[in-house]
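K.L.:
Pasted the sequence and its predicted model underneath.
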There are 2 protein chains.
Amino acid sequence: MKKIAALCILLLMVGSMAFTAPKKSSSSNPPKSDVAILVIDMQNDFVLPGAVLCVAGAQPTIPTIQDLIKYGRSQNWPIIYIIREHRPTGVDVDAPRIPLFTDGKPGYCVPGTKGCEIVKGLEPEEGDIIVSKRRNSGFFQTELDMILRRMGVKTVILSGTQYPNCVRGTAADAMSYDYNTVICTDACSAKTKEVADANIFDMKNMGITCIPLAEVKKTKF
Amino acid sequence: MKKIAALCILLLMVGSMAFTAPKKSSSSNPPKSDVAILVIDMQNDFVLPGAVLCVAGAQPTIPTIQDLIKYGRSQNWPIIYIIREHRPTGVDVDAPRIPLFTDGKPGYCVPGTKGCEIVKGLEPEEGDIIVSKRRNSGFFQTELDMILRRMGVKTVILSGTQYPNCVRGTAADAMSYDYNTVICTDACSAKTKEVADANIFDMKNMGITCIPLAEVKKTKF
């Protein structure tokens, strides 16, 4: 009986340890910031001409995204790259895209392939954050929201591709999670100008701020 | 010591009860179904002419939604009404819509008001399911996904208003959650035909099925 009692006490002690408050870190990790820049899906498979899911407008936005990132660094805003990654079998891909992974087709954004890499000119630097996702929205079953909360972010500025899918999906969820949501219009892209314009129209009506980089630089967030 | 041991054993027994498998129900509750119909935001505040957030195209879709619901009942498909509900203070509303709840303004979709009620002609029947939401997507922090899983639903057919916000937001999440996602095009609405068409274009490109009711009736889901 004494042995059982000792075992029980041990179990209760171990259990209670799980509820002990963690030690507070003396330094802020990661650094706090009111604003974060999101760079969405700027991977070879979406950006390079001839790529499996090439978005025609994506490559021309690279210089603007570079400029946005440079500006963000000057403001000490974290740069968060959101990327697609899928298993070679496609078991984790959006259902309508399963055919891209079957009948010997190579799929897209498979880690280890060239197509999955972030496009040349936008390579992340040390200290940047990379969030891997499986769906259009960067928030869908990822750690993006918890990272933004930890950093105290209130405003997210979105760049990348493409307007109707991953940009809008991420923007809509950012708004739902109560972030002040800003689309840097000339740093985002679509297959056609008509698609970009229709999405900007809808997002503005939702209450999402849609402004070009020049205006981002003039705004106090 | 014996008392402590007895207490510990009691605690361990109570703890283990939480992990006991639940008894299997002899009847299926709720009934299983491969298909469910979603009726989104068909509330007076969105549908009635002159309402605070009236969507011009919503009222004319009522007969088609009635027809869709009737067809769904004939197939024994569950009918799920997704509605907006907000506290009178607006503390739970999308941030860009906070101004609709301030400076004495009455807000919208506040339970207990006429505007929050489902529009005449589409009143839920006994056994229908109502899911209350705070954001555009019917999946965002609601029990919609868990209810659909419990019922074994594989295909969701969407109706309601409006295309760019709550219909598309719910459709995008349905696809992300791996449901076969169908927009019943003439049972959904927007402020203008251009907005509806642009959203249908984008959703088709995502792999979402967009078909009118006549085709829904001909399709084996």
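P.N.:
In hand now; what should we look at?

K.L.:
And for A:I129, nearest residue in space, chain neighbours not counted?
P.N.:
Leaving aside its chain neighbours, A:I129 sits nearest to A:I80 (4.6 Å; criterion: Cβ to Cβ, 6 or more residues apart in numbering or on different chains). For the C-beta atoms, the positions are set from N, CA and C on the backbone; glycine is no exception.

K.L.:
can you confirm the one you found is in a strand?
P.N.:
Yes: remark: A:I80 belongs to a strand, assigned using DSSP: H, G, I helix; E, B strand; the rest coil.

K.L.:
Can you give me the distance of it to A:I65?
P.N.:
13 Å (Cβ to Cβ, to the nearest Å).

K.L.:
what sits in contact with each of these two?
P.N.:
The contact sets of A:I80 and A:I65 overlap at A:V39 (Cβ atoms under 8 Å, 6 or more residues apart in numbering or on different chains).

K.L.:
The two: who's more crowded?
P.N.:
A:I65 (26 against 23; other Cβ atoms under 10 Å in any protein chain shown).

K.L.:
mind checking the SS state of the more buried one?
P.N.:
Applying three-state DSSP: A:I65 is helix.

K.L.:
isn't A:G90 right next to A:G104, touching?
P.N.:
No: counting by Cβ atoms under 8 Å, A:G90 stays clear of A:G104, with 12.0 Å between them.

K.L.:
Looking only at neighbour counts, state which of the two leads.
P.N.:
Per other Cβ under 10 Å, whichever of A:G90 and A:G104 has more neighbours is A:G90, with 20 against 5.

K.L.:
Spatially, which residue comes closest to the more buried one, not counting chain neighbours?
P.N.:
A:F101 (2.6 Å).

K.L.:
same deal with A:G57?
P.N.:
A:S189 is the one closest to A:G57 (Cβ to Cβ, 6+ apart), at 3.5 Å.

K.L.:
So that neighbour sits against A:A196, correct?
P.N.:
Yes: the pair A:S189 / A:A196 is scored as a contact, 7.0 Å apart, by Cβ under 8 Å.

K.L.:
so what sits against both of the two?
P.N.:
Common neighbours of A:S189 and A:A196 (Cβ under 8 Å, 6+ apart) are A:G57, A:Y163.

K.L.:
who's more crowded, the two?
P.N.:
Taking other Cβ under 10 Å, A:S189 and A:A196 do not tie; A:S189 has more neighbours (29 against 20).

K.L.:
tell me the contacts of the more buried one?
P.N.:
By Cβ under 8 Å, 6+ apart, the neighbours of A:S189 are A:V55, A:A56, A:G57, A:A58, A:P60, A:T61, A:G160, A:T161, A:Q162, A:Y163, A:A196.

K.L.:
what does A:G207 give?
P.N.:
Here A:G207 is in contact with A:M175, B:D94, B:A95, B:P96, B:R97 (Cβ under 8 Å, 6+ apart).

K.L.:
what kind of secondary structure is the residue nearest to the first one when sequence neighbours are not counted in?
P.N.:
Translated: A:M175. If the residues on either side of it in the chain are set aside, A:M175 comes closest to A:T181, at 4.7 Å by Cβ to Cβ, 6+ apart. Three-state call for A:T181 (three-state DSSP): strand.

K.L.:
gap between the residue nearest to A:G57 and A:C166?
P.N.:
For A:S189, the distance to A:C166 - Cβ to Cβ - is 11 Å.

K.L.:
For those two, list the residues in contact with both.
P.N.:
Joint contacts of A:S189 and A:C166 (Cβ under 8 Å, 6+ apart) are A:G160.

K.L.:
which ones among the contacts of A:S189 are found in helices?
P.N.:
Cross-referencing the contacts of A:S189 against helices under DSSP state H gives A:A196.

K.L.:
Quick check: the farthest pair among the contacts of A:S189?
P.N.:
A:A56 and A:G160 (14.5 Å; Cβ to Cβ).

K.L.:
list the contacts for the residue nearest the centre of chain A?
P.N.:
The geometric centre of chain A, computed from its C-alpha atoms, lies nearest to A:I82 (Cα atoms, centre = their mean), at 3.0 Å. Taking Cβ under 8 Å, 6+ apart, we find A:I82 in contact with A:38-41, A:130-131, A:133, A:138, A:142, A:144, A:160, A:166, A:170.

K.L.:
Including neighbour count and secondary structure, could these go into a markdown table?
P.N.:
Shown next, in a markdown table, are the contacts of A:I82 (neighbours: other Cβ atoms under 10 Å in any protein chain shown; DSSP: H, G, I helix; E, B strand; the rest coil):
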| residue | neighbour count | secondary structure |
| --- | --- | --- |
| A:L38 | 26 | strand |
| A:V39 | 25 | strand |
| A:I40 | 30 | strand |
| A:D41 | 28 | coil |
| A:I130 | 13 | strand |
| A:V131 | 17 | strand |
| A:K133 | 25 | strand |
| A:G138 | 29 | coil |
| A:T142 | 16 | coil |
| A:L144 | 24 | helix |
| A:G160 | 30 | strand |
| A:C166 | 25 | helix |
| A:T170 | 27 | helix |
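
K.L.:
Tell me the one of those residues nearest A:R150?
P.N.:
Once Cβ to Cβ is applied, the member of the contacts of A:I82 that ends up nearest A:R150 is A:L144, at 10.9 Å.

K.L.:
so that closest one touches A:S132, yeah?
P.N.:
No: if you go by Cβ under 8 Å, A:L144 and A:S132 don't touch, sitting 10.0 Å apart.

K.L.:
quick one on the thing from earlier: what subset of the contacts of A:S189 is buried?
P.N.:
A:V55, A:G57, A:A58, A:T61, A:G160, A:T161, A:Q162, A:Y163, A:A196 (16 or more other Cβ atoms under 10 Å in any protein chain shown).

K.L.:
for the fourth one, what are its contacts?
P.N.:
Right, the one you point to is A:T61. A:S159, A:G160, A:T161, A:D186, A:A187, A:C188, A:S189.

K.L.:
Repeat that for A:D92.
P.N.:
Going by Cβ under 8 Å, 6+ apart, the list of residues near A:D92 reads A:H86, A:R134.

K.L.:
list the buried ones in stretch A:105-115?
P.N.:
A:G107, A:Y108, A:C109, A:V110, A:G115.

K.L.:
got it, and stretch A:85-95?
P.N.:
Buried residues in stretch A:85-95 (16+ other Cβ under 10 Å): A:H86, A:G90, A:V93, A:D94.

K.L.:
And these, which is closest to chain B?
P.N.:
Nearest to chain B, judged by Cβ to the nearest Cβ, of the buried residues of stretch A:85-95 is A:D94 at 6.3 Å.

K.L.:
from what I can see that closest one touches A:R135, true?
P.N.:
Yes: using Cβ under 8 Å, A:D94 is in contact with A:R135, at 6.2 Å.
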